[in-house]
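Colleague: Quick one, fold the following:
(one chain, ligands or ions: 1)
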Amino acid sequence: MPSYYLTTPIYYVNDKPHIGHAYTTLACDVLARFKRLDGFDVKFLTGTDEHGQKVEKSAQECGVDPQGFTDEVSQNFRDLTGQLNFSNTDFIRTTETRHKETCQMIWQEMLNAGHIYLDKYAGWYAVRDEAYYAETEIVDGKAPTGAPVEWVEEPSYFFRLSAFQDRLLELYEKNPDFVGPSSRLNEVKSFVKSGLRDLSVSRTSFSWGIPVPNDENHIMYVWLDALTNYITAVGYGKDDPEYQQFWPADLHMVGKDILRFHAIYWPAFLMALDAPLPKRVYAHGWWTNEGQKISKSLGNVIDPVNLAETYGLDQMRYFLMREVPFGNDGDFSHQAMVHRMNGDLANDLGNLCQRVLSMVFKNCEAAIPLRPNALHDADQKILNDAYALLEKNRQFYDKQQFHEALKAIWDVIGDANRYVDEMAPWALRKTDAARMADVLWVLCEVIRVVAILLQPLMPQSMSRLLDQIGIDADKRDFTYVSADVSLAGGQPLSKPEPVFPRFIEDEQGA
Ligand code: MSP
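Modeller: The predicted structure is shown next:
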């Protein structure tokens, strides 16, 4: 069985989870589920990034010790995976022993190989980004991200990042798919071409971090610690069969703000360790709320659990993956959400299922019609288009073009609705009952295929839909998207219930 390893960033525990965090993990969840249904053994890792000044400060502000604070906030992120139906197979915390051991091991390896040396750091640091900035990057006294910066002068260990400049450029040249979307690769390349300085990888002015081996004054820079989580989780350096099976990772999913760390520092660290490099890093865009930047100070942070309660979990999952071309920035608005929910879900997909299944229920003795002996051209055309979705979806998913995968599915849903109108099975009922049954079979088969393919995105609703049409639980993976295993017919149908309710403003008190 082929393997697939994908990761989310690990989340800072300075605050509770919001829509941005949910978005990154959701994209990974959809992909993880897709790969599982497509026959892959998937490792799907998420977790929390618990060290560093930012987290230490938040703990201080709450008057709690950092360990107690991170225990509590990390739990919120763990709970979120259940609340949003995420299918991660591991959850890592950087305060776990397994992680501290790996960090200290790789530190020692890099030091022994001469990639780390002791010196002094004098320069700018932004706690909010947990990042160092060069003088030339400072704009109006702030980091290019707008984060406040402070001047830091302290003894520090450095990683010889500058020595990896050529190898990094060669990596991007030889593997143009290393960074997605492709537009972002240029950003990374030009940063590297502009010249890499050695990277400060330890701090002495605070203590909430992993101790540097044999030098108790230093703790590791939080990004060296954090990035290492991806190999901790597969047992790097511990003869773990998971490392053999899953490393290098197939995909690190990240937001555009942290691409530099993943596409430059991380491969350089791995090169220093002589370890294989991840195959791809994909940077998605950022969400705004009704046109405004999301921030705690503006008080407009969107709570993903609230969103799921208001609109429905699968509806929210659908909206986030469909509304915005993956990779671009997007805006969340109530109006856009309701539009998708009532349009794409209730009208297009919901109505297709409801009218087809109700007709079958009423006119075919509440059982799926038997597979026809012969098909008309129009039947064959829509069935072929439905089966062809699998290969199309594979290609889109491998490029993380989730919105394109969905568009392709909705094209078929639209065609199926038109096919219903053209074939008018309600009229055939009186003139040609056999043809009516064939038409309804074709439609049930299209619904079956569409429901199988939409499971990664809307697992709960598609499971209900597949239950409704009597598909056994072990016949829902992608090997069943094929004419060879089309519906035999005869399965009893329970009274159809709408899968996607409309959002009605008044009733919801909106
Ligand atoms: N701890 C680091 C990652 C270390 S990975 C080795 C970190 N954490 S974070 O909690 O600040 O952010 C995690 C992710 O949430 C990032 O991918 C970021 O892009 C994403 N988002 C945070 N706000 C967001 C939006 N408003 N919209 C979309 N995603 C955003 O960075």
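
Colleague: is the ligand contacted by stretch 36-56?
Modeller: Yes. Using C-beta under 6 Å from any ligand atom, stretch 36-56 reaches the ligand at Asp49. C-beta: built from backbone N, CA, C; applies to glycine.

Colleague: what is the mean pLDDT for that stretch?
Modeller: For stretch 36-56, mean pLDDT is 97.

Colleague: and what of stretch 439-447?
Modeller: 98.

Colleague: number of nearby residues for Ile294?
Modeller: 17 (other C-beta atoms under 10 Å).

Colleague: what do you get for Asn76?
Modeller: For Asn76, the neighbour count with other C-beta under 10 Å is 17.

Colleague: Sort out which residues of the helix or strand harbouring it are buried, please.
Modeller: Asn76 is part of helix 66-83 when elements are defined by DSSP states H and E. Neighbour-count burial for helix 66-83 flags Pro66, Phe69, Thr70, Val73, Ser74, Asn76, Phe77, Arg78, Leu80, Thr81 (criterion: 16 or more other C-beta atoms under 10 Å).

Colleague: now for whichever helix or strand comes after it, which elements pack on it?
Modeller: Sequence-wise, the next helix or strand downstream of helix 66-83 (DSSP H and E) is strand 90-93. When contacts are defined as 3 or more C-beta pairs under 8 Å, 6 or more residues apart in numbering; DSSP states H and E, strand 90-93 sits against strand 41-49, helix 66-83.

Colleague: Could I have the CA atoms of strand 90-93 written out in PDB?
Modeller: Extracted as PDB, the C-alpha positions of strand 90-93 are listed here (Å, rounded to 0.1, in the frame of the first residue of the first chain):
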ATOM      1  CA  ASP A  90      -1.100  11.900  15.600                       C
ATOM      2  CA  PHE A  91      -1.100  15.100  17.700                       C
ATOM      3  CA  ILE A  92       2.300  16.400  18.800                       C
ATOM      4  CA  ARG A  93       3.100  18.900  21.500                       C
END
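
Colleague: Direction included, what does it pair up with?
Modeller: strand 41-49 (parallel) (DSSP bridges).

Colleague: what angle sits between the strand it pairs with and helix 66-83?
Modeller: Here strand 41-49 runs at an angle of 140 degrees relative to helix 66-83 (axes from the mean of the first three to the mean of the last three C-alpha atoms, to 10 degrees).

Colleague: what packs against the helix or strand just after strand 41-49?
Modeller: Note on strand 41-49: by DSSP H and E, the next helix or strand toward the C-terminus is helix 53-61. Helix 53-61 is packed against helix 66-83, with contacts defined by 3+ C-beta pairs under 8 Å, 6+ apart.

Colleague: What is the helix it packs on packed up against?
Modeller: helix 19-37, strand 41-49, helix 53-61, strand 90-93, helix 304-311.

Colleague: Is that helix positioned near the ligand?
Modeller: No. Helix 66-83 lies out of reach of the ligand by C-beta under 6 Å from any ligand atom, never closer than 9.1 Å.

Colleague: Of all the helices and strands packed on helix 66-83, which one comes closest to Ala263?
Modeller: Comparison of those against Ala263 by C-beta to C-beta identifies helix 19-37 as nearest, at 15.7 Å.

Colleague: for the ligand, what are the nearby residues on the chain?
Modeller: Residues of the chain lying near the ligand (C-beta under 6 Å from any ligand atom): 9-12, 20-21, 23-24, 49, 226-227, 229, 254-255, 257-258, 286-287, 294.

Colleague: Filter these down to the buried ones, PyMOL style.
Modeller: Buried residues within the residues of the chain next to the ligand, by 16+ other C-beta under 10 Å, are selected in PyMOL with:
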select buried, resi 9+10+11+12+20+21+23+24+49+226+227+229+254+255+258+286+287+294
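
Colleague: wait, what's in contact with Phe269?
Modeller: Listed by C-beta atoms under 8 Å, 6 or more residues apart in numbering, the contact partners of Phe269 are Ile106, Met110, Phe159, Leu224, Leu227, Thr228.

Colleague: and the last one, how many neighbours?
Modeller: For Thr228, the tally of surrounding residues (other C-beta under 10 Å) stands at 26.

Colleague: Wait, it touches Cys103, no?
Modeller: Yes. The pair Thr228 / Cys103 is scored as a contact, 5.1 Å apart, by C-beta atoms under 8 Å.

Colleague: hang on, the earlier thing: I'd like to check what contacts the helix holding Asn76. Which residues are they?
Modeller: Under C-beta under 8 Å, 6+ apart, the answer for helix 66-83 is 11, 13-17, 21-22, 25, 46-48, 50, 55-56, 58-59, 62, 64, 86, 88, 91, 93, 95, 208, 304-305, 308.

Colleague: Pick out the residue of the stretch 51-200 of the chain closest to the ligand.
Modeller: Nearest residue of the stretch 51-200 of the chain to the ligand: Glu130, at 7.4 Å (C-beta to the nearest ligand atom).

Colleague: Please report the distance of that residue from Asn384.
Modeller: 52 Å (C-beta to C-beta, to the nearest Å).

Colleague: For the host helix or strand of Lys362, the averaged confidence score.
Modeller: Using DSSP H and E, Lys362 falls within helix 351-363. When pLDDT is averaged over helix 351-363, the result is 97.

Colleague: Leaving out sequence neighbours, find the closest residue to the residue of the stretch 101-250 of the chain found nearest the ligand.
Modeller: Across the stretch 101-250 of the chain, the shortest distance to the ligand (C-beta to the nearest ligand atom) belongs to Ala226, at 3.8 Å. Excluding the flanking residues, the one nearest Ala226 by C-beta to C-beta, 6 or more residues apart in numbering is Asp49, at 4.6 Å.

Colleague: When Glu130 and Asn384 are compared, which one has more neighbours?
Modeller: Glu130 (21 against 10).

Colleague: And the more buried one, how far from Phe69?
Modeller: 17 Å.

Colleague: same question, Glu173
Modeller: 44 Å.

Colleague: neighbours around Gly146, how many?
Modeller: Using other C-beta under 10 Å: Gly146 sits among 12 other residues.

Colleague: Gly237 touches Met105, doesn't it?
Modeller: Yes. Using C-beta under 8 Å, Gly237 is in contact with Met105, at 5.1 Å.

Colleague: More neighbours: which of the two?
Modeller: Met105 (18 against 15).
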